Each structure stands twice: as structure tokens, then as C-alpha cells.
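A.B. asks: Sequence first, predicted coordinates after that:
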Amino acid sequence: MSWPLTWASGLRSLGATFHGDRLAARFRAPPGAGGEMYAHLYAIVEDLPAPWRPPPTPPVVLTRVAGLTAVTSPAERVPAASAPALARHAEVVGSVLHAPAVLPFRFGIVVAAADLPGWIAAQAPSLRAGLALVRGCVEMDVKLLRLHCAHAVGRACPACADGAPDADGLRALGDRLVDRAGVAHWRYRRSGAEGNGAASVAFLVPRREVAAFLSRIAPVASRAESIAVVPTGPWPPYSFAPPLERLPLAPADGGLPGGARTPARDAPIPHRAAGGGAGGVLPPRTRSG
């Protein structure tokens, strides 16, 4: 079968180099309402590739603390999750995908710019641990799509007459992919509504082993019955970034009162939102190899 690969947006030829305060000055933004600035977060990176240049829009600001670099842009409120906004977010994160280690943020996470350096410093140990996990790796997302039945009213299909066996079948196929993948860390997610079963398995794959990874899972995909197996990637490792429970996040209603929070786990992942999303997250299963 064919193996369509969707490369993350933002992987472009690299241009001029900007470093340190010169880069921050080049992309400095005006203060928000009341003179206070907010930062829309894209990623934490260890080192940016040289040369590196961000997309022309939105304006990008780098904040360096304790050897870590936050990639952000100025914001007056939480951005709406429109298709263009998700695409811009994916492009900025994609522009740093070739850094040695990248912890991407989901779309729509906004924090007061003044709070950002202190949070980075306080969370530096956990951020470094997260960067160590994903160093040299990308995320490969394998979508599993049930094909043989639309679960019509009355459940006339004999294979589906006893309820919704598609969930078990998808999980079993996901487990077979995990067994063949040869990687230590992965996440299984169920998605789709009842009667339209779908799932995905996110794998943390060393960057240089993407082709070998696809070769290892190909036999499972070729023998899958009534399920389409569609690998996409490489993506930034959204599924393997640590939770941000201690970040003072802004609410999604557009206001920015102090102390309000928006759970990071509810924010969309740009490439999944553009491709149908992945709801119904199951408890992560991580295997150490």
C-alpha cells in the first residue's frame, strides 16, 4: 500500500541568522491593553539551528532563561482557533523542528509576558527532563480509520450487531503497531463519534529512523482488514511534551484577569485540528525499551 507522508508546515530553506537581543529586537512587539504584554507560546527549545529565521508573520520573540529559549509572539488576548491561526502556529513551531530538542505548546496558550521568565526558571528542571526525552526525535502519528461499516440505524451489519466492536479492533491493531514499531514511547488516542470509529497512535521516533520505522510497521498495515492505516509526520512531539499545570494561563473568553487558567490539555494540537482532531484521549500507555 502507499504511505502518504505529510511533512510539518514551516520546514523551509533557512535564511539569515539572528541571535540573542538582536533577534528579540528585530521582532519586538508593542504592549497590549493597559501597557501589559502577553505572550502566545509556541515552544521551548534548547538550541536554535544556525542559521534560523522565523516565518514573517506573526512577529516572533525569543525569551532566554537558564539556558532555555521560549519562542513566543505578542498577544492582547487568547487567539481564536481559526484555520489560518492554527496554520500560523504550526508554521512557527515547524520552523524550529530541526532544533536538537523541541517542546511544542498546543495552540492558544497565552501568559503575561512579565511572568514568563520566572516560570521558565522555576520549571527549568522539568523542562530539561522533557527536552531530554524528545531530543533528536520527532512525532509520527499513525491514523486508524474504520472502513467497512457506517453503523446505520438498526445495526444491520452482522460484524457490528453487538454494539461497537470497532473500538476493540482499533485498539488491537494499535497494539500490533506498537509491537512492531521498535520505539520506547507512544500514545494511543481514540477519536471519532460512535459509528465512525477512528484512532491514532503517536510514536516518538528518532529523527534519523523515520524511514526504518515506516518499514517496520508496513507489514501490520498491509494485513489490516477493513481499517485504513495512514502514517503522517514527522511532527513536533506535541504528544510527549510535559503538562503545564503550573503555568498561569489566560482564559479562553478573551479576557486576561490575574490568576485565571486554561488547561493546556484542552488546547488543540494544530496538525490534528486541521486533520480532524483526536478526542476521547485514553490514559497514556508508555513503554520503556
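C.D. replies: Yep, that arrived.
A.B. asks: what residues does the strand or helix carrying Ile217 touch?
C.D. replies: Using DSSP states H and E, Ile217 maps to helix 210-222. Contacting residues not belonging to helix 210-222 are listed as 1, 3, 138, 140, 142, 173, 176-177, 180-183, 203, 205, 229, 231, 233-234 [C-beta atoms under 8 Å, 6 or more residues apart in numbering]. Where C-beta positions appear, they are placed from N, C-alpha and C, glycine not excepted.
A.B. asks: From those, keep the buried residues only.
C.D. replies: Burial by neighbour count, judged by 16 or more other C-beta atoms under 10 Å, picks out 138, 140, 142, 173, 176-177, 181, 183, 203, 205, 229, 231, 233-234 from the contacts of helix 210-222.
A.B. asks: Including pLDDT and distance to Phe240, could the residues you listed go into JSON lines?
C.D. replies: Formatted as JSON lines, those follow (pLDDT from 0 to 100; distance: C-beta to C-beta, whole Å):
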{"residue": "Val138", "pLDDT": "95", "distance to Phe240": "10"}
{"residue": "Met140", "pLDDT": "96", "distance to Phe240": "11"}
{"residue": "Val142", "pLDDT": "95", "distance to Phe240": "15"}
{"residue": "Leu173", "pLDDT": "91", "distance to Phe240": "22"}
{"residue": "Arg176", "pLDDT": "93", "distance to Phe240": "21"}
{"residue": "Leu177", "pLDDT": "94", "distance to Phe240": "17"}
{"residue": "Ala181", "pLDDT": "94", "distance to Phe240": "14"}
{"residue": "Val183", "pLDDT": "94", "distance to Phe240": "11"}
{"residue": "Phe203", "pLDDT": "97", "distance to Phe240": "10"}
{"residue": "Val205", "pLDDT": "97", "distance to Phe240": "11"}
{"residue": "Val229", "pLDDT": "92", "distance to Phe240": "21"}
{"residue": "Pro231", "pLDDT": "94", "distance to Phe240": "17"}
{"residue": "Gly233", "pLDDT": "91", "distance to Phe240": "13"}
{"residue": "Pro234", "pLDDT": "94", "distance to Phe240": "13"}
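A.B. asks: Return the subset of the contacts of helix 210-222 lying in strands.
C.D. replies: In this view, the contacts of helix 210-222 that belong to strands under DSSP state E are Val138, Met140, Val142, Phe203, Val205, Val229, Pro231, Gly233, Pro234.
A.B. asks: The fourth one pairs with what?
C.D. replies: Beta-bridge partners recorded for Phe203 (DSSP bridges): Met140, Trp186.
A.B. asks: can you start the count at 78 instead of 1 from here on
C.D. replies: Fine by me, first position is 78 from now on; the one you just mentioned is Phe280.
A.B. asks: what's the helix or strand for Pro161?
C.D. replies: Using DSSP H and E, Pro161 maps to helix 160-172.
A.B. asks: Show me which residues of that helix are buried.
C.D. replies: Ala162, Leu163, Arg165, His166, Ala167, Glu168, Val169, Val170, Gly171, Ser172.
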